[in-house]
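A.B. asks: Give the three-dimensional model of this entry:
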Amino acid sequence: MENKKEIIAGIIVIGNEILSGRTQDTNTSTLSIWLNSLGIKVQEVRVIPDIEKKIVDTVNDFRKQFNYVFTTGGIGPTHDDITASSISKAFGLEYGPHKEAMSILEKYYKPGEFNEGRQKMAWMPTTANLILNPTSGAPGFNVENVFCLPGVPSILKSMLGGIENNLVGGDPIISKTINLRTVESEIAKSLSKVQNDNQEVDIGSYPFFRAGKLGVSIVLRCPDINKIEKCNLEILNFLKDKKIEILENI
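C.D. replies: Coordinates of the predicted model:
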């Protein structure tokens, strides 16, 4: 069977609260795991402040480089939520109340509750496609290959199902993890040899500290299960020779 072309994505995390450390970014992990399952490889993540020029420049840079771009944050009702207006500027599109978004939010709120702040959540590029929000009503939106999602992790997660049909992925990326009771320096040389012999498999090693003891996780990632199994076998062979304890092989 012919190999599918590699499909790549970039993620832009927008928000001063992420850069200041007040809010922890979990959206990158959520998006990356989901995209991997669709066969879309995340190649770059950038965290930027709520500054219009920075958003415009980064979006324009990313949309040329990647098949898909995902932004998180900055589409709420407050004064510093400027992602929607910045995206309009990046694409040279009219920014204003989106008819369908206004209609969705009018129905969502009780009479008299759809105030000016909430109306702002329906302002975006007026020709954008909507990404429906089953959790809190306010939709995200999509222009060409750029998908704009909210920063609240639970809301973002609930909106991913609505985008899936708009994405064309490659082969889903399979992941395998081997947890060892060892230190990186013990396996570095042998692992480098396995990586050199298996260029198409992405091999990472990550130290961890658990129950007062050091260990290393080896993570293998590739769309082809046979290539992962070949790598796994080579690693198990050198671990056996070195008498290194395997905690888990999942």
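A.B. asks: CA atoms for contacts and neighbours, from now on please.
C.D. replies: OK.
A.B. asks: Could I get the contacting residues of residue 70?
C.D. replies: Contact criterion CA atoms under 8 Å, 6 or more residues apart in numbering gives 9, 10, 11, 12, 146, 147, 148, 149 as the residues in contact with residue 70.
A.B. asks: Give me the subset of those residues lying in strands.
C.D. replies: The strands, defined by DSSP state E, take in 9, 10, 11, 12, 146, 147, 148, 149 from the contacts of residue 70.
A.B. asks: can you tell me how far the third one sits from residue 234?
C.D. replies: Okay, so that is residue 11. If you measure residue 11 against residue 234 using CA to CA, to the nearest Å, the figure is 34 Å.
A.B. asks: Name the residue in those two with the higher neighbour count.
C.D. replies: Applying other CA atoms under 10 Å to residue 11 and residue 234 shows that residue 11 carries more neighbours, namely 25 against 15.
A.B. asks: quick one: that one and residue 27 touch, right?
C.D. replies: No: contact status for residue 11 versus residue 27: not in contact, 9.5 Å apart, counting by CA atoms under 8 Å.
A.B. asks: okay, and the common contacts of the two?
C.D. replies: Among the neighbours of residue 11, those also in contact with residue 27 (CA under 8 Å, 6+ apart) are residue 72.
A.B. asks: three-state assignment of the residue sitting nearest the centre point of the chain?
C.D. replies: When the chain is reduced to its mean C-alpha position, the nearest residue by CA atoms, centre = their mean turns out to be residue 31, at 3.0 Å. On the three-state scheme (DSSP: H, G, I helix; E, B strand; the rest coil), residue 31 is labelled helix.
A.B. asks: tell me the contacts of it?
C.D. replies: With contact taken as CA under 8 Å, 6+ apart, residue 31 is in contact with no other residue.
A.B. asks: what's the burial count for the closest residue to residue 30 other than its chain neighbours?
C.D. replies: Counting by CA to CA, 6 or more residues apart in numbering, the nearest residue to residue 30 once its immediate chain neighbours are dropped is residue 157, at 7.2 Å. Residue neighbour count, defined by other CA under 10 Å, stands at 17 for residue 157.
A.B. asks: No more questions from me, cheers.
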